[in-house]
Structure formats: C-alpha cells, structure tokens
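[1] Please find the sequence and the predicted model below.
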Amino acid sequence: MKTSSRLLLIACLALPFVAACQKEEKKEVAVEAAALSAPKTSDENAWNAYLTDVVKRNLDGVNGSTYVYVLPAPDSPTFQRDYDLMLEKSQADMSRGILEGNLVAFGSPDSAKTADLAVASFTKVDPATMKGVKFIFIGAAADNERVKAAVTPAGVNYIFVEAK
C-alpha cells in the first residue's frame, strides 16, 4: 500500500510540471506575411497571387464560399471571349443569388473592365437580396464609386481595395 500511495503522490506532484511543459510546446508565434502589392505588369500568375492574397486577408466573417471573378490582361488575344464568358457566368451567379456568409470578389489587371464586369453582373439583381454577402472590388479608386453604386442596392457589405 505504501508503494502505491507514494506513486500516486509523486504523480500528483509531477502533474503541474508536465502540464507546464506541454503549454510551452503549444506556444506558437503567429507571423503574418506582408501584404502583396499589385503587379505592375499584366503577368497572370502574379495577378492571381495578388488577388488571392487580398481575398485571404478579407475572409473574416465569411463562413461560406468565395466567388472570385478575374479577367485576363486586356492585351490577351482571348480577352473579349474571356470577358463575355465571365460576364455570362457572373450574371447567372448574381441573379441566382449568393447566400449570406459568402464572399464575392472582382479584380484584374484592368480596373475599368473589371468595374464594367461588376456593374453589368448586378443589372438583374433584385434589391436587398444579398444581405450578409461580403463584396470586394479590387481596382482603381477612379472605378470605386460606380461599382459601389451598382452593387450596394443588393445589400452587400461593400469593400474597396485599391490595387496599388
């Protein structure tokens, strides 16, 4: 009996030290990477990395899906075809409706064309049908107000990120 009592006492006395060691191991320093800046070229990979970074930095409050609409550079040989296809898809998605908690983002190397796409995508959206949806426009300050005016009647939480 004395042996088992002593072992139990030793285990009880050692428990705080074991717990303290485990807490020290769990401490991690969270270092946030610096935000990427908008590419100065129309390199598609660089733009995709930049837009992904912007979207990831704005995921707070999003508990659903993300819908990101990206156009190629305007000097791309397939730009008009890609624009038309993206417009068709985005109009269908927006008119069908995006549920609360989801995120919608528009961005590309050409802010004006991206703004055109965003504005045209919301032409058939009924007012107040997208409450609780986070909408991010990534582009030039010159295009901010017209995109905001086109999308806010739908009830989205509008965020403008200047591509710089």
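    Alright, I've got the coordinates. Numbers count the residues shown, from 1 in each chain.

[2] what's the neighbour count on residue 74?
    Each residue near residue 74 was counted by other Cβ atoms under 10 Å, and the total is 14. C-betas here are computed from N, CA, C, even on glycine.

[3] Look up how far residue 131 lies from it.
    As for residue 74, its distance to residue 131 is 34 Å (criterion: Cβ to Cβ, to the nearest Å).

[4] Ok, residue 160 next?
    In this view, residue 160 and residue 131 are 19 Å apart by Cβ to Cβ.

[5] Neighbour count for the two, which is higher?
    Ranked by neighbour count (other Cβ under 10 Å), residue 160 and residue 131 place residue 160 first, with 16 against 11.

[6] Not counting sequence-adjacent ones, nearest residue to the more buried one?
    In space, residue 160 comes closest to residue 144 once its chain neighbours are excluded; the distance is 4.7 Å by Cβ to Cβ, 6 or more residues apart in numbering.

[7] For the one you found, pull up the helix or strand it's in.
    Residue 144 belongs to helix 141-151 when elements are defined using DSSP states H and E.

[8] which outside residues touch that helix?
    Around helix 141-151, the neighbours that count as contacts under Cβ atoms under 8 Å, 6 or more residues apart in numbering are 106, 111-112, 114-115, 118-119, 122-123, 135, 137, 139, 158, 160, 162.

[9] Which ones among these map onto helices?
    Among these, the residues falling in helices (DSSP state H) are 111, 112, 114, 115, 118, 119.

[10] Please tell me how far the nearest residue to residue 162 once chain neighbours are set aside sits from residue 155.
    Residue nearest to residue 162 in three dimensions, not counting chain neighbours: residue 141, with 5.5 Å by Cβ to Cβ, 6+ apart. Using Cβ to Cβ, we find residue 141 at a distance of 24 Å from residue 155.

[11] ok, now residue 49?
    Relative to residue 155, residue 49 is positioned 31 Å away (Cβ to Cβ).

[12] now swap in residue 88 and tell me
    The span separating residue 88 from residue 155 equals 23 Å under the rule Cβ to Cβ.

[13] For the two, indicate the residue with more neighbours.
    For the pair residue 88 and residue 155, the greater number of neighbours falls to residue 155 (18 against 11), based on other Cβ under 10 Å.

[14] dump the residue contacts of that one.
    Contacts were defined as Cβ under 8 Å, 6+ apart; by that measure residue 155 touches 127, 128, 129, 130, 131, 132, 133.
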